[in-house]
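Colleague: next input, structure requested:
(4 chains)
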4 protein chains.
Amino acid sequence: MSEMLKVAVLGAKGRMGTAAVAAIDAAPDMELVAALGRSDSLDILVERGADVVVDLTVPDSTEANVRFAVEHGIHAVVGTTGWDAARLAGLQELLAAHPGTGVLIAPNFALGSVLATHFAAKAAKYFDSVEIIELHHPRKIDAPSGTAFRTAQLVAAARAEAGVPAAPDATETELDGARGASVDGIPVHSVRLAGLVAHQEVLFGSHGEALTIRHDSFNHESFMPGVLLGVRTVGTRPGLTLGLDGYLDLEG
Amino acid sequence: MSEMLKVAVLGAKGRMGTAAVAAIDAAPDMELVAALGRSDSLDILVERGADVVVDLTVPDSTEANVRFAVEHGIHAVVGTTGWDAARLAGLQELLAAHPGTGVLIAPNFALGSVLATHFAAKAAKYFDSVEIIELHHPRKIDAPSGTAFRTAQLVAAARAEAGVPAAPDATETELDGARGASVDGIPVHSVRLAGLVAHQEVLFGSHGEALTIRHDSFNHESFMPGVLLGVRTVGTRPGLTLGLDGYLDLEG
Amino acid sequence: MSEMLKVAVLGAKGRMGTAAVAAIDAAPDMELVAALGRSDSLDILVERGADVVVDLTVPDSTEANVRFAVEHGIHAVVGTTGWDAARLAGLQELLAAHPGTGVLIAPNFALGSVLATHFAAKAAKYFDSVEIIELHHPRKIDAPSGTAFRTAQLVAAARAEAGVPAAPDATETELDGARGASVDGIPVHSVRLAGLVAHQEVLFGSHGEALTIRHDSFNHESFMPGVLLGVRTVGTRPGLTLGLDGYLDLEG
Amino acid sequence: MSEMLKVAVLGAKGRMGTAAVAAIDAAPDMELVAALGRSDSLDILVERGADVVVDLTVPDSTEANVRFAVEHGIHAVVGTTGWDAARLAGLQELLAAHPGTGVLIAPNFALGSVLATHFAAKAAKYFDSVEIIELHHPRKIDAPSGTAFRTAQLVAAARAEAGVPAAPDATETELDGARGASVDGIPVHSVRLAGLVAHQEVLFGSHGEALTIRHDSFNHESFMPGVLLGVRTVGTRPGLTLGLDGYLDLEG
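Modeller: Numbers count the residues shown, from 1 in each chain, chains lettered A, B, ... in the order given. Okay, here's the model as predicted:
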């Protein structure tokens, strides 16, 4: 029989933390050994023998949390933002000194979104044209979304590397903004609509055909399967992994 | 037995004219009595006893063609552009002197497109948010499309009349163009993609729900059913009708 | 200044009732005067001077609730099922004796869904082909959905009335079920997918074009704008109205 | 400077052959050296020094054509059907004796369709639910389409290999056909609609999210970019390759 993975959650009182606690509790192969808030001591992780810690805290505390985990041989799955190049470099140094420990830092745990971005980057060089439409609830303050921005950058890079020319576009007369924003040359359109949650379409087109890759996030629990996949995998992937796609089996 | 409608086509050598000739020829209730080009005499219409003439010529000749038809008691279905207010006023005067004759001038004969615009205008006041995405082949020189422009205007007018407030939008940081063009306050996004033909989506949203009205034009024969409907109906609608929706049964 | 509408909710502890209480509370033109559960006396409605009662109870009690309201001159907006022909006939008789009072009984308060069905019925006779795809969460026990069933019936009736022939279909070899269920001759396809809520597409097609009317219900608050519209309108529509579309301004 | 590829087309008078001749003629890196019909001698391929032959003939003649090409050291790109296991085994034997020669036999040259199927197979194991909707013109005689059938089989195989349980489905009451056909346990729905050409959606869903991969074929030239890719690549891939995805760069 396989043993239960002992999992701890940091930031357990936040919205994502609450969902993570529930999901880990419900997973048949995991045991929730700690659900810690801001004022709890990290020593509890060691006392409870955590195998994996899930960090869903805030930019100010994530670095100290993850370093503590690595120093104690606890694998970490990190959804908190704020990991700049300097922090990442420091963490990589620390991991070199703890070669059996794994850390996953991922900006996005929604499996469908990660797959959609991966597929879009793969398809990018095979089509004459590509544009991105992202659709969100109207309380969002930035446009385009971070995911659309990153998708456009990856798509543009793949096309540049393959030497694909710019998409054809005969537009002569444009009402300002109609053709969207340009992210590395890829048009990105941002829709803000009451009722929606978070959605993205990448549209590819060539002679007589189109390929559309659409991701819909209907609620904020959509990242949970990705967190569980991270928890299950991180122990087998020593060192630092950036992005959940590093854990997906997408070759060939 | 109902008699066959005798139909003539002007501009019969053009792309739309060729399709119209074929469609009328194939219609079981119509007889094609003339298919005239630029150099043919309009007298042929009278000689052949045309009941209805379909004008698919050019802005320079459409006015003379239609006036000739009305003066000879021939109903006219007109797909040619170039009918400004002065021409329309003159035609209306002429029709007043020929009270049994009907003329339909329509910018768009694709039934699905006409219905989509009509439904969008009807739905406009019941939702918090509305945006338009139009998608076309990359050889199109204007953005947004004329249909998207007109749809946005009708939607905006319906919302203004009903006193609907502006759609919520918390955008603070926008990459230039991301939120589309604004047509009377309605965001319009124009996609140009190899492989596509002509497509439009009107998206409405409110608390927890969305309504999407999408029209796809897959090829240039899509206007033919509308032309045939016009030919069948124009004889029963004396005077001037602007827009095919005037012939559709959409009340109630 | 317009006075506040005094509104009471029956079934206030249920899921829909809770949402209705919150929505009425938040509406600037309404005052929530009572939120009653199963054991509360209906006399409270009279004591508190309710103008409109919203019934979101159960089939067993809705008839008595509505009859009590009508007898006391209180308008009623009813989302409870269970109103068969006999109950409706009895209610209509009662309303004849209370000519100033209005009752709205609606199977569906999601405005977008009501509009989608209305538009589909209007478009039905203008296209060669029509099919319906409904998509729901996998906990749904019936297929097709009630809404898809009713939409198909309305579409089929509109086509029959206009004499539209059956949609073309050359299928000779079919894997059992591939072409969907047939509701009055209209193919209906039911998708059951984890993550989804309640969605429906009506697809129309003719020569070279397609019209798609799609409704998405993302959560169960989507019926609230329709309930509020019902509450605001019911006092001006004496007698019995079946279906929220009777209150929508869809003519012309 | 790279030399021009010398390309010959067999079946050059057919619909696909005509399109291939035009596409090769227009490709800046290819020279069309022969466009042969049924009665032309294959010796012309040798006389003209063809590097690659594109076979778009009929099941009865494709085997002899391809064997002739391989025996003369000419690479072959084959879109003709009719290659059963026996023919393939014979061809593989012949290729073993001509180790520098490559043959690509592909059931589908539309890049977008090949990518869509590939991505669907990759995504299959990461979601709780999956269903397929394919939509075609109403002149199609089989349902589901061959592409939908094959996609379902690949998706089912990937899920079986990963041990993914059956998708949740609480359906108790089903109108016959509503839940579609079952291909290896994957529900497949076939829509037949006037105006459409060839379209397919693969829908994946899990907790709170959905991923949709859609391919649209708008006209029959959509296979041309795939044929050109085959012609450019076949010379660098000795032996037999089945399926265009073998030439796509989809790893990692």
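
Colleague: tell me the mean pLDDT for stretch A:129-144?
Modeller: For stretch A:129-144, mean pLDDT is 97.

Colleague: nearest spatial neighbour of the residue in the stretch 51-200 of chain A positioned nearest to chain C, skipping sequence neighbours?
Modeller: The nearest approach of the stretch 51-200 of chain A to chain C comes at A:Gly195, 5.9 Å away (CB to the nearest CB). For glycine as for every other residue, the C-beta is placed from the backbone atoms N, C-alpha and C. Distance criterion CB to CB, 6 or more residues apart in numbering or on different chains; nearest residue to A:Gly195, sequence neighbours excluded, is B:Gly205 at 3.6 Å.

Colleague: quick one: mean pLDDT over stretch A:183-192.
Modeller: 98.

Colleague: is chain C within reach of whatever helix or strand A:Asp25 lives in?
Modeller: Using DSSP states H and E, A:Asp25 sits within helix A:15-26. No: Helix A:15-26 lies apart from chain C when judged by CB under 8 Å from any CB of the partner chain; the minimum separation is 14.6 Å.

Colleague: packing partners of that helix?
Modeller: Here helix A:15-26 touches strand A:5-10, strand A:30-36, helix A:224-233, going by 3 or more CB pairs under 8 Å, 6 or more residues apart in numbering or on different chains; DSSP states H and E.

Colleague: most packed of these?
Modeller: Among the helices and strands packed on helix A:15-26, strand A:5-10 has the highest mean neighbour count (mean count of other CB atoms under 10 Å in any protein chain shown), at a mean of 26.

Colleague: starting at the chain centroid, how far to that one?
Modeller: 20 Å (CA atoms, centre = their mean, to the nearest Å).

Colleague: do the same with stretch A:121-135
Modeller: Mean C-alpha position of stretch A:121-135 versus that of the full chain (CA atoms, centre = their mean) differs by 19 Å.

Colleague: try stretch A:135-145
Modeller: For stretch A:135-145, the distance to the chain centre is 17 Å (CA atoms, centre = their mean).

Colleague: may I see the buried residues of the helix holding A:Asp25?
Modeller: The neighbour-count check on helix A:15-26 (16 or more other CB atoms under 10 Å in any protein chain shown) flags A:Met16, A:Gly17, A:Ala19, A:Ala20, A:Val21, A:Ala23, A:Ile24 as buried.

Colleague: now stretch A:38-53
Modeller: Result for stretch A:38-53 [16+ other CB under 10 Å]: buried residues A:Leu42, A:Leu45, A:Val46, A:Ala50, A:Asp51, A:Val52, A:Val53.

Colleague: from the residues you listed, which is closest to B:Ile74?
Modeller: Set against B:Ile74, the nearest of these by CB to CB is A:Val52 (82.6 Å).

Colleague: where does the stretch 1-150 of chain A have low pLDDT?
Modeller: The stretch 1-150 of chain A contains residues with pLDDT under 70 at A:1-2.

Colleague: residues from it in reach of chain B?
Modeller: A:127-131, A:133, A:135, A:138-144.

Colleague: quick check: the farthest pair among these?
Modeller: So, those by CB to CB: farthest apart are A:Asp128 and A:Arg139, at 36.0 Å.

Colleague: who has more neighbours out of the two?
Modeller: Ranked by neighbour count (other CB atoms under 10 Å in any protein chain shown), A:Asp128 and A:Arg139 place A:Asp128 first, with 18 against 11.

Colleague: rewinding a little: in strands, which of the residues of the stretch 1-150 of chain A next to chain B fall?
Modeller: A:Ser129, A:Val130, A:Glu131, A:Ile133, A:Leu135, A:Asp142, A:Ala143 (DSSP state E).

Colleague: quick one, what contacts the fifth one?
Modeller: In this structure, A:Leu135 makes contact with A:Ser190, A:Val191, A:Arg192, A:Leu193, A:Leu196, A:Ala198, A:His199, A:Gln200, A:Glu201, B:Leu203, judged by CB atoms under 8 Å, 6 or more residues apart in numbering or on different chains.

Colleague: try 7 Å
Modeller: A:Val191, A:Leu193, A:Leu196, A:His199 (CB atoms under 7 Å, 6 or more residues apart in numbering or on different chains).

Colleague: in chain A, which residue is most central in space?
Modeller: Residue closest to the mean C-alpha point of chain A, counted by CA atoms, centre = their mean, is A:Asn108 at 1.8 Å.
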